[in-house]
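**Student:** The following block contains a protein sequence and its predicted model.
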Amino acid sequence: MNKKLKAVVSAAVLCCVLGATVPVSTMVFAQTQSEQQEMTRKLAELDWYKPGKSGSIAGKATFEASDKYTFLSPADTDKFLVLNGNPSTGGISNTIAPVQGDWFAILSFAPEGLVKDDEKIDADALLKSLKEANVQGAAKRREQGFSPLTMLGWSIPPRYDTANKRLEWATLLQDEDSKSIFANVSTKVLGRSGYTNVVLVTGSADSVERDLAEFKASMANFKYVDGERYSDWKEGDKVAAYGLGALVLGGAAAAATSKGGFKAIGIAILAAIAALWGGIKKLLGRKKPSQ
């Protein structure tokens with residue numbers, strides 16, 4: 001997607017979220033009028049949640065939209081990804097995005113049982129396995145018609161927040177076609193019967209910590225439903241066959257794979273989507289959220 005079209009998309013998304021009409025003078029036209037109209041029409045069809053509306057994440061957790069953060073259902077999340085040249089997730093994911101910001105997050109729930117959090121994490125060994133798996137993943141993306149992504153290393157090595165039961169890390173990725181470098185931040189929010197997998201796509205490789213901090217603030221609107229919190233686990237409940245290290249490599253698939261052949265499961269999302277939110281900050285200075 002070229003830069004002019006990205007600006008049109010940013011304005012269109014803002015219209016959907018705020019229920020507002022953006023003057024044509026604030027939009028940068030795409031290369032053709034038809035491109036602009038088609039992209040705007042498709043984005044306008046997405047149901048961006050307005051403040052106060054709560055969305056379900058696989059029936060295990062909820063997220064309430066606010067005047068700062070919006071949400072998409074699994075069906076609209078797939079449409080959102082495909083519109084921007086990425087594979088769909090098969091109707092298993094949701095989207096969280098700031099109304100004013102440069103990042104967004106894709107969430108899905110993995111019903112793998114309680115993941116014990118007493119394991120020591122070896123960041124160097126994990127990175128080696130991730131890079132090996134990335135070679136296969138890049139080839140698959142090329143076969144699917146998408147630009148391959150090369151893993152360069154850690155932006156944030158794996159770290160675990162004991163109080164909030166969150167494992168997080170960030171990898172630096174390079175789009176082989178555009179050569180742009182960006183960061184994908186992954187978070188696993190542990191629960192009683194599994195974990196919520198979150199892939200945070202940041203505005204740039206330099207904004208990882210800032211965007212991660214804002215994402216964490218948005219998670220005040222996220223909560224497991226009654227009975228699904230980590231502390232709700234009781235003897236006899238399912239326990240995952242792996243610990244924190246395997247979560248970085250893909251959870252169940254990593255635990256079932258022989259050493260050295262781990263398959264990294266995740267959503268490697270192009271930085272082009274993050275550019276959707278680039279124009280929101282400027283336009284929000286003129287408009288206020290509406291119900």
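**Tutor:** Okay, I see it. Just so you know, these numbers come straight off a predicted model, no measurement behind them. Residues are numbered from 1 along each chain as shown.

**Student:** The lengthiest helix in the chain packs against which elements?
**Tutor:** Looking across the chain with DSSP state H, the single longest helix is helix 123-143. Counting contacts by 3 or more Cβ pairs under 8 Å, 6 or more residues apart in numbering; DSSP states H and E, helix 123-143 packs against strand 149-161, helix 244-249. Where you see a C-beta, it was placed from the backbone N, CA and C, and this is true even at glycine.

**Student:** closest one to residue 110 among these?
**Tutor:** Distance to residue 110, taken as Cβ to Cβ, is lowest for helix 244-249 among the helices and strands packed on helix 123-143, at 9.1 Å.

**Student:** Just give me how far that closest one sits from the chain centre.
**Tutor:** 18 Å (Cα atoms, centre = their mean, to the nearest Å).

**Student:** if you skip the residues just before and after it, what's nearest to residue 230?
**Tutor:** residue 165 (4.7 Å; Cβ to Cβ, 6 or more residues apart in numbering).

**Student:** and the one you found, how many neighbours?
**Tutor:** For residue 165, the count of nearby residues is 18 (other Cβ atoms under 10 Å).

**Student:** cool, residue 58 as well?
**Tutor:** The tally of other residues near residue 58 (other Cβ under 10 Å) stands at 16.

**Student:** Residue 92 is in contact with that one, correct?
**Tutor:** Yes. Counting by Cβ atoms under 8 Å, residue 92 is a contact partner of residue 58 at 7.4 Å.

**Student:** Point out the most buried one among the helices and strands packed on helix 123-143.
**Tutor:** Of those, the one with the most neighbours on average (mean count of other Cβ atoms under 10 Å) is helix 244-249, at a mean of 23.

**Student:** For that one, list the C-alpha coordinates in PDB.
**Tutor:** Listed next in PDB are the C-alpha coordinates belonging to helix 244-249 (Å, rounded to 0.1, in the frame of the first residue of the first chain):
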ATOM      1  CA  LEU A 244       7.000 -19.900  29.900                       C
ATOM      2  CA  GLY A 245       9.800 -20.700  27.500                       C
ATOM      3  CA  ALA A 246       7.700 -22.800  25.200                       C
ATOM      4  CA  LEU A 247       5.100 -20.000  25.100                       C
ATOM      5  CA  VAL A 248       7.600 -17.800  23.300                       C
ATOM      6  CA  LEU A 249       8.100 -20.500  20.700                       C
END
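
**Student:** The residue nearest to residue 230 contacts residue 196, correct?
**Tutor:** No. Contact criterion Cβ under 8 Å: residue 165 and residue 196 do not qualify, at 10.2 Å.

**Student:** Residues that sit against both of those two, list them.
**Tutor:** When contacts are counted by Cβ atoms under 8 Å, 6 or more residues apart in numbering, the set common to residue 165 and residue 196 consists of residue 189.

**Student:** For the longest helix of the chain, what is the distance to the chain centroid?
**Tutor:** 19 Å.

**Student:** got the angle for it vs strand 149-161?
**Tutor:** Per axes from the mean of the first three to the mean of the last three Cα atoms, to 10 degrees, the angle that helix 123-143 makes with strand 149-161 is 140 degrees.

**Student:** still on that earlier bit, hey, what's in contact with both of residue 58 and residue 92?
**Tutor:** Joint contacts of residue 58 and residue 92 (Cβ under 8 Å, 6+ apart) are 108, 109.

**Student:** contacting residues around the residue nearest to residue 121 when sequence neighbours are not counted?
**Tutor:** Spatial nearest neighbour of residue 121, chain neighbours left out: residue 158 (4.9 Å); criterion: Cβ to Cβ, 6+ apart. By Cβ under 8 Å, 6+ apart, the contact list for residue 158 reads 121, 123, 126, 167, 168, 169, 244, 245, 248.

**Student:** and those residues as JSON lines, adding distance to residue 97 and pLDDT?
**Tutor:** Putting these into JSON lines (distance: Cβ to Cβ, whole Å; pLDDT from 0 to 100) gives the following:
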{"residue": "121", "distance to residue 97": "29", "pLDDT": "92"}
{"residue": "123", "distance to residue 97": "29", "pLDDT": "94"}
{"residue": "126", "distance to residue 97": "28", "pLDDT": "92"}
{"residue": "167", "distance to residue 97": "22", "pLDDT": "95"}
{"residue": "168", "distance to residue 97": "18", "pLDDT": "93"}
{"residue": "169", "distance to residue 97": "21", "pLDDT": "90"}
{"residue": "244", "distance to residue 97": "27", "pLDDT": "94"}
{"residue": "245", "distance to residue 97": "30", "pLDDT": "91"}
{"residue": "248", "distance to residue 97": "24", "pLDDT": "89"}
